[in-house]
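Q: predicted model, plus sequence, below.
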Amino acid sequence: MAQVLCRTCFSPVISAVTHIAHAQHWTAPLYSLSQLHVAAVVTQPAKERKPQSDGTPRTPIPLPVQVLAGDWLKPEQILCPISASDDTFLDTLRALQPDLCLTAAYGQFLPPKFLSIPKYGTVNIHPSLLPKYRGAAPVQRALQEGATESGVSLLYTVRAMDAGPIIAQEKMRVDSAIQADVMLFHLFATGTKLFLHNLGSILSGEAQKTAQPQDESQVTRADKISKKEGSILWDKSAEQLHNQVRAFNPWPGSTATFMLEKVLSRDMRENEHMSTGSNHDSGDVNDTNSMRSDGSQELPENSDVDLDADDSTMMSSDEPETGQRKGKGKGKDKGKDKGKDKGEAGKSKKSKEQWNPVAGRAEEIKFKIIKTAVGKAGDWKGERDTDVTATRHALHVRCTDGSVLSILQVQKAGKKPVSIQDFTNGELQNPLRRMHRPVSVLPETSD
């Protein structure tokens, strides 16, 4: 009976090995799967958790592969070495005497000592059409670059990463709306079938004779993704941003920053004006946060917000064509008086930063963009380049090149993804403006 060792972090391959272990209904060319025995499953160690506030340790979180394999394997058959070079692990592996090892998205370098153990070698399922996209993130990089065709490769593992001879490949067309998590699952499921179809020739040794070497002149790289790549920068085109959102879902996600103008009703404005007293006299406006002629608020001079065509952070439909602000004329004289009385200015600074007699308060908000589409020029109905406009099912943002990104689904920190209709309650209640600066990635959220 052939001994098969599966090394993986991805559940579709474990599902295939489950079929191998219970193979009454599976057959493959040149070999009966009923003669196979899954000797062990190897995966990464359980994820460590930070201790509780009182120092009490938390139980590590097992990976999905461990949980799934535990349904049909004994605990001693599930191996979780910190390193594939660990001598104890390699001794355990030798004792199993595997005929074949299968890897998929394992995430560790396999040393020569490991590769020399299985009788028929180690076979890898890689979700790209090698030699394109060798590396840790083939699907994500393909989507990021807007690839229209991809596929999966079945190959022998050698010392160089993803460089072994190719046993078989299968192509797939890449839909313009598909996202990385869905594409990964589909490609690994397809790769599993490809593995099962070729398993007979692998175990007979025929595949080693027919496997094709890769063309090194056609190699492209798929480097590991970093969290900082998840920031949305509006100087990219709508197509580039749409591809970024698809590629980085679910991790690290694509996070954007907007300026939300909270509009106050007349009664709310009057009440707040009364509560703040004389600190908001019309003459005392030439401070770090001055007022425009329409009453909207101006950011401090040291703000790092990119305002593209205009330097206001607010979206206002009645901005005068002159763009003139209060505080430019007689406000200069007022500024001299303010300098004489720093105490009074300091006392009113906080209230002036938060209060706008016309528009209300400006608030910077961040959220992950979960689903997008490349919009049409007519979808965006704004007046300024940084305006964000809304329809029932989408927010429309104009990029700096004039293209339009339509945002269909978003996720606030700690919340579940929601449609734009739910996010805006059917319409945009408060004006939004896009901000250009990079933002930190939002913390991970549970489903």
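A: Perfect, I can see it now. No experiment lies behind these values; they were computed from the predicted model shown.
Q: then G253 would be within a helix, right?
A: No. With DSSP: H, G, I helix; E, B strand; the rest coil as the criterion, G253 is coil rather than part of a helix.
Q: number of nearby residues for it?
A: A count of neighbours around G253, defined by other Cβ atoms under 10 Å, yields 21. C-beta coordinates here come from the backbone N, C-alpha and C atoms, glycine included.
Q: nearest spatial neighbour of it, skipping sequence neighbours?
A: With sequence-adjacent residues excluded and distances taken as Cβ to Cβ, 6 or more residues apart in numbering, G253 is closest to K368, at 4.3 Å.
Q: surely E145 touches N243?
A: Yes. With contact taken as Cβ atoms under 8 Å, E145 and N243 are classed as touching, separated by 7.2 Å.
Q: so where's the stretch 1-150 of the chain uncertain?
A: Low-confidence segments of the stretch 1-150 of the chain, defined by pLDDT under 70, span residues 1-35.
Q: mind listing the helices for this protein?
A: Counting by DSSP state H, the chain has helices at residues 11-21, 64-69, 87-96, 112-115, 138-144, 180-204, 206-210, 238-247, 266-276, 330-340, 342-354, 420-424.
Q: could I get the buried residue list for the second one?
A: This points to helix 64-69. Of the residues in helix 64-69, those scored as buried under the neighbour-count criterion (16 or more other Cβ atoms under 10 Å) are V65, Q66, L68, A69.
Q: max pairwise distance over the residues you listed: which two?
A: With distance counted by Cβ to Cβ, no two of these lie farther apart than Q66 and L68, which are 7.5 Å apart.
Q: re the thing from before, distance to L196 added to the buried residues of helix 64-69, as TSV?
A: As requested, the buried residues of helix 64-69 are arranged in TSV below (distance: Cβ to Cβ, whole Å):
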residue	distance to L196
V65	19
Q66	23
L68	18
A69	18
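Q: and the residues you listed, which is closest to G375?
A: V65 (39.6 Å).
Q: thought V41 was touching the closest one, still the case?
A: Yes. Assessed by Cβ under 8 Å, V65 is found in contact with V41 at 6.7 Å.
Q: quick check: the gap between Y156 and M259.
A: 54 Å (Cβ to Cβ, to the nearest Å).
Q: cool, G375 as well?
A: According to Cβ to Cβ, G375 and M259 sit 21 Å apart.
Q: about what we covered before: quick one: which of E145 and N243 has more around it?
A: N243 (21 against 13).
Q: residues in contact with the more buried one?
A: Contacts for N243 (Cβ atoms under 8 Å, 6 or more residues apart in numbering) come out as L143, Q144, E145, G146.
Q: hang on, L100 packs against N124?
A: No. With the criterion set as Cβ under 8 Å, L100 and N124 do not qualify as a contacting pair; they are 11.6 Å apart.
Q: which one of these two has more residues nearby?
A: Neighbours of L100 and N124, each counted by other Cβ under 10 Å, are more numerous for N124; the result is 25 against 20.
Q: I'd like the average pLDDT over the longest strand along the chain.
A: Among the segments of the chain that qualify as a strand by DSSP state E, the longest is strand 361-374. Mean pLDDT, computed over strand 361-374, is 91.
Q: that one pairs with which strands?
A: Strand 361-374 has the following sheet partners, assigned by DSSP bridges: strand 255-262 (antiparallel), strand 404-411 (antiparallel).
Q: okay, those, which one's buried deepest?
A: The highest mean neighbour count among the strands paired with strand 361-374, using mean count of other Cβ atoms under 10 Å, belongs to strand 404-411: a mean of 22.
Q: write the PyMOL selection for whichever of the contacts of N243 are buried.
A: Selection command for PyMOL covering only the buried members of the contacts of N243, criterion 16+ other Cβ under 10 Å:
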select buried, resi 143+144
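Q: just give me the closest of the contacts of N243 to P250.
A: Nearest to P250 out of the contacts of N243 is L143 (Cβ to Cβ; 12.9 Å).
Q: how about low-confidence regions in the stretch 151-300 of the chain?
A: Along the stretch 151-300 of the chain, segments meeting pLDDT under 70 span 263-300.
Q: how about a cut-off of 90?
A: Counting by pLDDT under 90, the low-confidence segments of the stretch 151-300 of the chain come to 189, 192-193, 196, 260-300.
Q: neighbours around V245, how many?
A: Using other Cβ under 10 Å, V245 has 28 other residues around it.
Q: distance-wise, check it relative to G200.
A: The spacing between V245 and G200, counted by Cβ to Cβ, is 42 Å.
Q: next one: K113
A: Shown here: K113 relative to G200, a distance of 28 Å by Cβ to Cβ.
Q: who has more neighbours, the two?
A: In this comparison of K113 against G200, neighbours counted by other Cβ under 10 Å, the higher total goes to G200 at 17 against 13.
Q: any idea how far the more buried one is from G107?
A: Applying Cβ to Cβ, one obtains 29 Å for the distance of G200 from G107.
Q: what angle separates the longest strand of the chain from helix 238-247?
A: Taking axes from the mean of the first three to the mean of the last three Cα atoms, to 10 degrees, strand 361-374 and helix 238-247 form an angle of 90 degrees between their directions.
Q: tell me which residues in strand 361-374 are buried?
A: Burial within strand 361-374, assessed by neighbour count using 16+ other Cβ under 10 Å, is assigned to R361, A362, K366, F367, K368, I369, I370, K371, T372, A373, V374.
Q: is the last one bridged to anything, and to what?
A: In other words, V374. L405.
Q: just give me the neighbour total for Y106.
A: Counted with other Cβ under 10 Å, Y106 comes out at 21.
Q: sorry, slip of the keys, the one I care about is P81.
A: Here the number of neighbours of P81 (other Cβ under 10 Å) works out to 17.
Q: contacting residues around it?
A: V42, P45, T88, F89.
Q: run the last query once more with 7 Å
A: Contact partners of P81, counting by Cβ atoms under 7 Å, 6 or more residues apart in numbering, are F89.
Q: any idea how far it lies from L115?
A: As for P81, its distance to L115 is 15 Å (criterion: Cβ to Cβ).
Q: over to S237?
A: The gap separating S237 from L115 is 44 Å, by Cβ to Cβ.
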